[in-house]
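J.: 3D model of this:
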Amino acid sequence: MSISKEDCTLATCDVSISSIGYLPNVAGNAFLAGWFGLCLVAQLALSIKYKTWSHLAGQFFGLILELIGYVARAKLHDDPFDDKMFVIYIITATIAPAFLCYTIYLTFGRIVIVYGTHLSVIPFRLYTIIFVTTDIICLVLQAGGAGWTQAKDIQPDTLEKAINVLRAGLGMQVASLSIFIVLSADFAWRVLKKKNLWSARFVQVREKKRFKPMLIGFFTAAMLILARSAYRIEELSQGFVPPEDNAEILYMVFEGAMIGLASIILVAAHPGPVFGSAWKATGFFSKQPKKGEVETGNAEHGVELISEDKHRSSNTHA
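T.: Sure thing, here's the model as predicted:
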């Protein structure tokens, strides 16, 4: 007599037919849940202290979803056939990194302002518009695809379609992050090449000891999230439940460890201590000087930026 999956227990069915396919390690998943919980507390404390509310929004949702996801994974150890708990885990753990990406995109737009918007190949607001928009699309595709895979009585061909939607969301995240990293590298090259054109308005931000470590931290976090998303695409290419005996080890390394490291790095690289009051002045709706503007004799703002043409002219006369 066959038993329906809904009525399965560890005593009556093999764990391999469950949605997760194995018994998650309680200690490892509980550790990661606690890790993300501590990162969340740290982000709350820093963001409240420095009033970086927009940054907190992404970190809060990303970390709380990670925490929930790993608590759900730990609970699946006792009942791997609990599909409701599996849905909670798969959706939260899948979409959480997209919120962390949001904070990276948000902060990078401000970094562009700190050096000078004229040094960027695209307007600084477009970083937020383009990448946050793609982030939202990724969220919808990933959440929709993950949820669809757990539809009741789903057929194999429909399951494959649902997995393809999930893959599309992850693939878009990889593409978006890759383009962002390329644009970031291009901006870094322009900044290093044209030091004479750096904006003087936010020189106090750039001179802080934590500024360069913050830049390295955000870049490293982006690379870790990129590696994680690439792994998830590869994992899903083999089906929804990976057939490897070491499936959880791979998951904990390329999902848990990658995002865990990215999260603690984003705590250490929190922009609040670096930007201070300049966080608001470098926001999306802040007014920035146009290329070629010069403001001299202003004790409050100093020289906003020096145009390349004027710099060449001054060198010629010299």
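J.: And the pLDDT for Ile233?
T.: Here the pLDDT value assigned to Ile233 is 88.
J.: Report the next helix or strand after the helix or strand hosting it in sequence order.
T.: Assigned by DSSP states H and E, Ile233 falls within helix 211-236. Once the chain leaves helix 211-236, the next helix or strand it forms, by DSSP H and E, is helix 247-251.
J.: I'd like the average pLDDT over that following helix.
T.: Taken as a whole, helix 247-251 has an average pLDDT of 88.
J.: Excluding chain neighbours, what is closest to the residue nearest in space to the middle of the chain?
T.: The centroid of the chain falls nearest to Cys101 when counting by C-alpha atoms, centre = their mean (2.3 Å). In space, Cys101 comes closest to Asp135 once its chain neighbours are excluded; the distance is 5.6 Å by C-beta to C-beta, 6 or more residues apart in numbering. For every residue, glycine as well, the C-beta is placed using N, CA and C.
J.: In three-state terms, label the one you found for me.
T.: Classification of Asp135 using DSSP: H, G, I helix; E, B strand; the rest coil returns helix.
J.: Next, count neighbours for it.
T.: With neighbours defined by other C-beta atoms under 10 Å, the count for Asp135 comes to 24.
J.: Return the residues in contact with it.
T.: Applying C-beta atoms under 8 Å, 6 or more residues apart in numbering, we find Asp135 in contact with 98, 101-102, 105, 173, 176.
J.: hmm, back to that, which ones are touching the residue nearest to the centre of the chain?
T.: The neighbours of Cys101, taking C-beta under 8 Å, 6+ apart as the test, are 58, 131, 135, 173, 176-177, 222, 225.
J.: Would you mind putting the residues you listed into CSV with pLDDT alongside?
T.: Below are these laid out as CSV (pLDDT from 0 to 100):
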residue, pLDDT
Gly58, 97
Phe131, 93
Asp135, 93
Gln173, 93
Ser176, 95
Leu177, 95
Ala222, 96
Ile225, 97
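J.: For those, which single residue is the most surrounded?
T.: Most crowded among the contacts of Cys101, counting by other C-beta under 10 Å, is Gln173 at 28 neighbours.
J.: what about the helices in the stretch 1-150 of the chain?
T.: Per DSSP state H, counting those that start in this stretch, the stretch 1-150 of the chain carries helices over the ranges 26-50, 53-75, 83-115, 124-148.
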